[in-house]
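**Q** No sequence on hand, only this structure:
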């Protein structure tokens, strides 16, 4: 199991994500981001690409979609909070978006 | 624009859906259903099939996914409530699930 990110390692890994539209979720050790696309096809196309990667990484997002908007929350259930799995998936999603 | 479902037509169209796991959303003229699948691949596979139909029907769900669970809410934004578009999409999603 991947360990929870704490202390300096947590700050180091999160700061580039926080600078790119991710934010820390209140009351929970998780990060979230809202992606906005041109239309539904683009939004769901992003979700499809991310889904294939998530399955390959064996780490899955909590996410919702309303037309051209996709809201993503990442946290590692098994670890009870943020781990490197979330950081890796967040980076991958940013690269795919 | 498709008109909002009201009165007897509304009851007639909704009752089979309510008998199949859909429920009326509180405080909003919308219906919702939670689908549970065997795993993420099945859940996202369902979303992908439904997304293609939604785009073809030009009517899109509000939905969220957490691993093997998919929560769907349907309402017609332009009409400010439930229309036959929602009924048709709900039936299609049930057929796909």
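**A** Everything's here; your move. Note that the structure is predicted; figures quoted are calculated from it, not measured.
**Q** can we go C-alpha only for contacts and neighbour counts from here?
**A** Fine.
**Q** Name the residues of stretch A:76-88 that come out as buried.
**A** Along stretch A:76-88, these residues count as buried under the neighbour rule (16 or more other Cα atoms under 10 Å in any protein chain shown): A:76, A:81, A:82, A:83, A:84, A:85, A:86, A:87.
**Q** My guess is the first one contacts residue A:87. True?
**A** The reference is to residue A:76. No: the criterion here is Cα atoms under 8 Å, and residue A:76 misses it with residue A:87 at 10.2 Å.
**Q** that older thread, now, which of the buried residues of stretch A:76-88 sits nearest chain B?
**A** Relative to chain B, the closest of these is residue A:76; by Cα to the nearest Cα it sits at 11.9 Å.
**Q** Quick one: residues contacting the residue lying closest to the closest one once chain neighbours are set aside.
**A** Among residues not flanking residue A:76 along the chain, residue A:82 sits closest, at 5.6 Å (Cα to Cα, 6 or more residues apart in numbering or on different chains). For residue A:82, the contacting residues are A:4, A:5, A:29, A:30, A:31, A:74, A:75, A:76, by Cα atoms under 8 Å, 6 or more residues apart in numbering or on different chains.
**Q** what's the one helix or strand residue A:70 maps to packed up against?
**A** In this structure, residue A:70 sits in strand A:69-74 according to DSSP states H and E. The contact analysis (3 or more Cα pairs under 8 Å, 6 or more residues apart in numbering or on different chains; DSSP states H and E) places strand A:69-74 against strand A:31-36, helix A:40-57, strand A:62-66.
**Q** want to throw the ones you listed into JSON lines with mean neighbour count and mean pLDDT?
**A** Output for those, formatted as JSON lines (neighbours: other Cα atoms under 10 Å in any protein chain shown; pLDDT from 0 to 100):
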{"stretch": "strand A:31-36", "mean neighbour count": "19", "mean pLDDT": "98"}
{"stretch": "helix A:40-57", "mean neighbour count": "17", "mean pLDDT": "98"}
{"stretch": "strand A:62-66", "mean neighbour count": "19", "mean pLDDT": "98"}
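**Q** which one of these lies closest to chain B?
**A** It's strand A:62-66; of the helices and strands packed on strand A:69-74, that one is closest to chain B (Cα to the nearest Cα) at 3.8 Å.
**Q** at contact distance from chain B, anything in that closest one?
**A** Yes: using Cα under 8 Å from any Cα of the partner chain, strand A:62-66 reaches chain B at A:62, A:63, A:64, A:65, A:66.
**Q** I'd say residue A:71 and residue A:64 touch.
**A** Yes: with contact defined as Cα under 8 Å, residue A:71 counts as touching residue A:64 (5.2 Å).
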